[in-house]
Every structure is written in structure tokens, then in C-alpha cells.
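Enquirer: this is a predicted model, with the sequence first.
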Amino acid sequence: MSISFACPQCKAQIEVGEEHVGHAGQCPRCQKVIVIPSPNQPMPILVGADASPREDPKPRRRPEAKEPPARPRRTPAMPKQPAGPIWPWVVGVFGAVAIAALLFSSFAVLVFWRRPEPTRHVALVEPKHGAINEAKGVTIGRLEGQRAVMQNGVFQIRSELHQDDPFDLDHKNSHCKRYEIELIAGRDYILELETNQFDSEFRIEDLNGPLRTRFGNRGVPVARIDYRPQFTDVYVIYATSLNPALGNFTLTIREQNVPKPFVP
């Protein structure tokens, strides 16, 4: 029969036979000398290192734990094959990008491209000689027949009164030029007729006839007026002279907040 007890030094569990009770022996772990207790005295006694035991029994050790089974050896990995050349990948990526850009540009052209509007041929109402001079004399804006169109709030033309122009109804011996232009209600405009060859005068009339405003004086080569229309409509402007004279002139129609263009 065997007894089991704990080492008072390192607390290791020791198991010996009963025949060794009262004898001294060394702890198999910490090598301390202890007196083997009896079953009635479970607490062992620790003896000094220099004590000489009566008998040096060899306590039976507890069976050691089995070693874990050895892990199976891993099969060594096959060496990696060297990578192939990289230039085919580079060529492929650039080719894909080029094809994508071509497809995108083709789609954009199909979506945003519009056929240009055909050029309209403007039929000039006035006599041939005067119409050619007017078409060449527009400096800002454009002239479509007798209809003047502003550009950035300004229309300006350099022309002349000559014998081919129609006579003015208010001054039978004077010739005149006739223009049509759309003005916006409540917006301030400045109309100015400049020349150094005759006494300037211009008239503003509603295209339907009720409105009529005249401005100009004898002996004054420059006629100028600030004008605010009450209705958005097309107005007729006559450039004429108070005396039966011919010559060059400059007509400027502009919004009040737009600076006057330079006239050499």
C-alpha cells in the first residue's frame, strides 16, 4: 500500500510505499530532504540539508506524461516558377485604355454633336448700293436686312447718306436710313447719331405706328437721347439730316450700363 503527500517546499505530489514511513528522503523536484509522514500525520516534515537520513529510499515517481505524437512532416513546397515577361501586360493595359477612350469620344460625339444650322441669306430691302455699304459698315452686332441685332448690349454701324437712299417723309429734300431693332421695356438705352457733314436727326417710331419721337437740332452734328421704352417691341429708327446734305455718319444704340465703343 502506498501513501501520497505534497512536498512542503515546492508542493510537488510524492507517492511512496508505507514501509518508508518515518524515513527521510529527497524531493524529486526541489531536492529538499523531508521525513515521510504516516497516514495519521499527513503533513511531512522538512529536514535541514545536512541531516543524514536513516535510509535513502527512492520514492516512486508518478508516471510521466506521454509525449505528444510527432507531427507529420510537411511536404516541402514546390519552388515557384519564374514569372513571365511583363511587357505583354503593359501593352494590354494601354490598349484597353485607348479603346475605352475611343469609345467614350465616339459616344460624346453622338450625344453632343449637332448639325450646323444652314446659313441664311438675308434679302436686303434697300437699294443695292446702300445695302452693300451697310453690310460692310456694321462694327458691333449684326444687320439682317433692316433688322439690327445687338451684341453684348451694343449695336453700331458706320454708313452714309447718299442719293440712292429714300427721301425722309418729314424732310422731303433729305435722304434717310431706316433700321429696326428690338428694345426691352423698362431698360435704359442711349441712342446717338454722329457726323461732321450734316445736321443730325433721328426718329424713334413704334413698328405699329402710334409711338413717334424725334430728336435733333440745326447746326448740331451730334444727336443723342436717353430712352426707356414702355413696351418690349420692335422699334423703327430713322437716321436723317435736317438739311438736304449727304455724308458719312455713325449710329450707336447701346444699353446705358454699357460703355460707348470707340469711334475714330
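Expert: Yes, it's here. Residues are numbered from 1 along each chain as shown.

Enquirer: going forward, measure contacts and count neighbours with C-alpha atoms only.
Expert: Fine.

Enquirer: remind me which residues of the stretch 51-200 of the chain are low pLDDT?
Expert: Scanning the stretch 51-200 of the chain with the threshold set as pLDDT under 70 gives 51-84, 113-136.

Enquirer: which stretches of the stretch 51-200 of the chain form helices?
Expert: Shown for the stretch 51-200 of the chain, the helices assigned by DSSP state H, counting those that start in this stretch span residues 87-112, 128-137.

Enquirer: most tightly packed of those?
Expert: Here the criterion is mean neighbour count by mean count of other CA atoms under 10 Å, and of these the winner is helix 128-137, at a mean of 15.

Enquirer: per-domain residue ranges of the chain.
Expert: As assigned by automatic domain parsing, the chain contains the domains 2-47, 128-255.

Enquirer: from residue 99, how far out is the residue nearest the centre of the chain?
Expert: For the chain, the residue nearest the mean C-alpha position is residue 108 (17.9 Å; CA atoms, centre = their mean). As for residue 108, its distance to residue 99 is 14 Å (criterion: CA to CA, to the nearest Å).

Enquirer: likewise residue 187?
Expert: Taken as CA to CA, the spacing of residue 187 relative to residue 99 amounts to 54 Å.

Enquirer: repeat for residue 249
Expert: Plainly put, residue 249 is 60 Å away from residue 99 if you go by CA to CA.

Enquirer: just residue 181 next, same as before
Expert: Distance from residue 181 to residue 99, counting by CA to CA: 52 Å.

Enquirer: likewise residue 205?
Expert: Noted for residue 205: a distance of 62 Å to residue 99, by CA to CA.

Enquirer: with residue 20 instead?
Expert: Counting by CA to CA, the gap between residue 20 and residue 99 amounts to 96 Å.

Enquirer: and if you look at residue 172?
Expert: If you go by CA to CA, the gap between residue 172 and residue 99 works out to 74 Å.

Enquirer: same question for residue 164.
Expert: In this structure, residue 164 and residue 99 are separated by 64 Å, where distance is defined by CA to CA.

Enquirer: and residue 202, how many neighbours?
Expert: Applying other CA atoms under 10 Å, we find 25 other residues in the vicinity of residue 202.

Enquirer: I'd assumed it was in a helix, is it?
Expert: No: assessed by DSSP: H, G, I helix; E, B strand; the rest coil, residue 202 does not belong to a helix; its assignment is strand.

Enquirer: do me a favour and get the backbone dihedrals for the residue nearest to it when sequence neighbours are not counted.
Expert: When the adjacent residues along the chain are set aside, residue 202 lies closest to residue 239, with 4.7 Å between them (CA to CA, 6 or more residues apart in numbering). The phi and psi torsions at residue 239 (degrees, to the nearest 10) take the values phi -110, psi 120.
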